[in-house]
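Engineer: A structural model of the following input is requested.
(2 chains)
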Number of protein chains: 2
Amino acid sequence: MRLQILGCYAATPRTLTNPTSQVLEIKNHLFLIDCGEGTQVQLRKNKIKFSRINHIFISHLHGDHFFGLPGLISTFRLLGRDKELHIYGPKGIKEAITLFLKLGDSWTNYPLRFHELTSKESQNIFEDEKISVETIPLDHRIYTNGFLFKEKLGERRLNIEAVAKHKIDKCYFQNIKNGKDITLDDGKIVQNVELTFDPPKPKSYAYCSDTGYHPEIVEQIKKADVLYHESTFLESEAHLSAKTKHATAKQAAEIAREAEVGTLILGHYSTRYKSLELFKEEAQEVFANVELADDGKQFEI
Amino acid sequence: MRLQILGCYAATPRTLTNPTSQVLEIKNHLFLIDCGEGTQVQLRKNKIKFSRINHIFISHLHGDHFFGLPGLISTFRLLGRDKELHIYGPKGIKEAITLFLKLGDSWTNYPLRFHELTSKESQNIFEDEKISVETIPLDHRIYTNGFLFKEKLGERRLNIEAVAKHKIDKCYFQNIKNGKDITLDDGKIVQNVELTFDPPKPKSYAYCSDTGYHPEIVEQIKKADVLYHESTFLESEAHLSAKTKHATAKQAAEIAREAEVGTLILGHYSTRYKSLELFKEEAQEVFANVELADDGKQFEI
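Structural biologist: A predicted model of the protein is given here:
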């Protein structure tokens, strides 16, 4: 899994900072998460192939997470896209996009599939053989979901030496990887565990932005490899954090500690602060493994 | 009058080029004309004070002229604006902006006044003591207006020497500037023309984008000091120009020649061409005084 930050600053796009958007590469998917104004330019700057994006997840309908979407959808059309594009986001997103396309008489020549979200409970919104995506209900001023991206347990890995020792034919390999025991020609049964190693531990990535301090999410994101948690403010602005339903760096770290995640990535910074290091310092007083998101930065998960 | 190009490229924002937006400074107004995605960042890059913009003119509702508007309106709110903002544009623009604000539960804390346009005839849409703004009906795939910004004839300029010679008191100066003759204490009448010079010739700026070749506009923009006319294509792509209702550089120049404008500024270039000079060369075969718009470029009018 690889996470590419396109933008991680709160509120408005500025000369050198971008509102929220990120790309998660997971098992051959390229998922776009949120789409603030300017996201399509950030995709170009970061040399991400537009045609590889087939699923876009929108946390909520504030401009800094959403106003880049009409333009991106239009650009897909101009680039001659014909593949389906799936958009997951709060109810209303379909009406908004449809109205903009209608006003410009600029219908897409590719299918646009909306998956509108209304539930306040977590839902499984995407699933294939290798991964799943669940919503993480968050606590913001308007209806907002985070997203939990989880790899599924893969197939068992073949122990080449063990297989060779028993002279097992290749045609059984897939069965073995699927966990089956094997009966040899002499009738002897070889246990699967002797022929395989455990599959790699499935990884998971939890995206939580925007939200106030919301410990209700801890259970769902427990032991996630990486948690991206918004930290718009520092504790010195805790009063604003409570009022605007945003989190402080310390609060993000408390969620990370309680959920026992591997790494906490901070983002969605208010531009009032002179240095991002202040966020890291505050969070590390609570939780050691803290990284700072920044526009253009990549994280291997 | 000063024209600041924020973006002048067709279709989609790219790493180094921006969709259409420009700022016209005229008699203490700062008018924003069109608002493609990324316009607010271009305003910042070009150090234009957001608070000086009170009127926004939108030619049509294609994304590359309009998708930056929801973000700009939101940013005005975040900057604490309280002054009225006037938006002139095709019918539908109010519904679109209102829906986006509603979905984000982010109503502006300043008055937002929409002036929706539907007429296919030219209309006077703004007027004060010093200037007026008219729509220029254009020929594009959807309902589109250009805009003609015109200074009004100013007051006559005082001939200081002549006034001194006749020992005329200051209290009469405004009357003189307004064109009145003066009766001296001895009963002698001094003609106004002896006391004043003609006012400066009022200037005008015609903005025409997007449009196909549309000679119907010639009469209205006759002798404009500056015409900004779109030239999406060169004549080598005239077939595309006709199909998409965009103009070629040659067609823009023909309009400029027929309208006897002072200067033609070309813009709204398709990014398929390697060099902007090709546009200038083609246009100059028809009309001599051609300038090339480019993002960040300023023109004194």
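Engineer: quick one: pLDDT of A:Leu184?
Structural biologist: A:Leu184 is assigned 92 on the pLDDT scale.
Engineer: need the contact list for it.
Structural biologist: A:166, A:168, A:190 (C-beta atoms under 8 Å, 6 or more residues apart in numbering or on different chains). Yep, even glycine has a C-beta here, placed from its N, CA and C like the rest.
Engineer: which of those residues lies closest to chain B?
Structural biologist: A:Ile168 (53.8 Å; C-beta to the nearest C-beta).
Engineer: and that closest one, that's in a strand?
Structural biologist: No. A:Ile168: not assigned to a strand; according to DSSP: H, G, I helix; E, B strand; the rest coil it is coil.
Engineer: so what's it closest to, chain neighbours aside?
Structural biologist: A:Ile182 (5.9 Å; C-beta to C-beta, 6 or more residues apart in numbering or on different chains).
Engineer: quick one, what contacts the one you found?
Structural biologist: So A:Ile182 contacts A:166, A:168, A:172, A:175-176, A:189-190, A:192, A:195 (C-beta under 8 Å, 6+ apart).
Engineer: re earlier: may I see the ChimeraX selection of the buried members of the contacts of A:Leu184?
Structural biologist: Command for ChimeraX, covering only those of these found buried under the criterion 16 or more other C-beta atoms under 10 Å in any protein chain shown:
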select /A:168,190
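Engineer: show me what contacts the residue of chain A most remote from its centre?
Structural biologist: Distance to the chain centre peaks in chain A at A:Asp186, reaching 50.2 Å (criterion: C-alpha atoms, centre = their mean). For A:Asp186, the contact set (C-beta under 8 Å, 6+ apart) is empty.
Engineer: Would you quantify the distance from it to chain B?
Structural biologist: 66 Å (C-beta to the nearest C-beta, to the nearest Å).
Engineer: separation between that residue and B:Tyr143?
Structural biologist: Remark: distance between A:Asp186 and B:Tyr143 (C-beta to C-beta, to the nearest Å) = 83 Å.
Engineer: same thing with A:Leu3?
Structural biologist: 43 Å.
Engineer: how about the contacts of A:Leu184 in a markdown table, adding distance to A:Thr39 and pLDDT?
Structural biologist: Formatted as a markdown table, the contacts of A:Leu184 follow (distance: C-beta to C-beta, whole Å; pLDDT from 0 to 100):
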| residue | distance to A:Thr39 | pLDDT |
| --- | --- | --- |
| A:His166 | 53 | 94 |
| A:Ile168 | 50 | 94 |
| A:Val190 | 53 | 95 |
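Engineer: Of the contacts of A:Leu184, just say which sits nearest to A:Gly68.
Structural biologist: The nearest member of the contacts of A:Leu184 to A:Gly68, counting by C-beta to C-beta, is A:Ile168 at 53.1 Å.
Engineer: looking at it, that closest one is touching A:Gln174, isn't it?
Structural biologist: No. The criterion here is C-beta atoms under 8 Å, and A:Ile168 misses it with A:Gln174 at 11.9 Å.
Engineer: Give me the more crowded residue out of A:Leu3 and B:Tyr143.
Structural biologist: For A:Leu3 versus B:Tyr143, neighbours defined as other C-beta atoms under 10 Å in any protein chain shown are more numerous around A:Leu3 (23 against 20).
Engineer: Point me to the helix or strand that includes the more buried one.
Structural biologist: strand A:2-7 (DSSP states H and E).
Engineer: For the helix or strand just after that strand, output the C-alpha coordinates as CSV.
Structural biologist: Moving toward the C-terminus from strand A:2-7, the next helix or strand (DSSP H and E) is strand A:21-26. C-alpha atoms of strand A:21-26 as CSV (Å, rounded to 0.1, in the frame of the first residue of the first chain):
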residue,chain,number,x,y,z
SER,A,21,-6.9,15.1,-1.3
GLN,A,22,-4.9,11.9,-1.3
VAL,A,23,-4.4,8.8,-3.4
LEU,A,24,-4.2,5.4,-1.9
GLU,A,25,-2.6,2.6,-4.0
ILE,A,26,-3.9,-0.7,-2.7
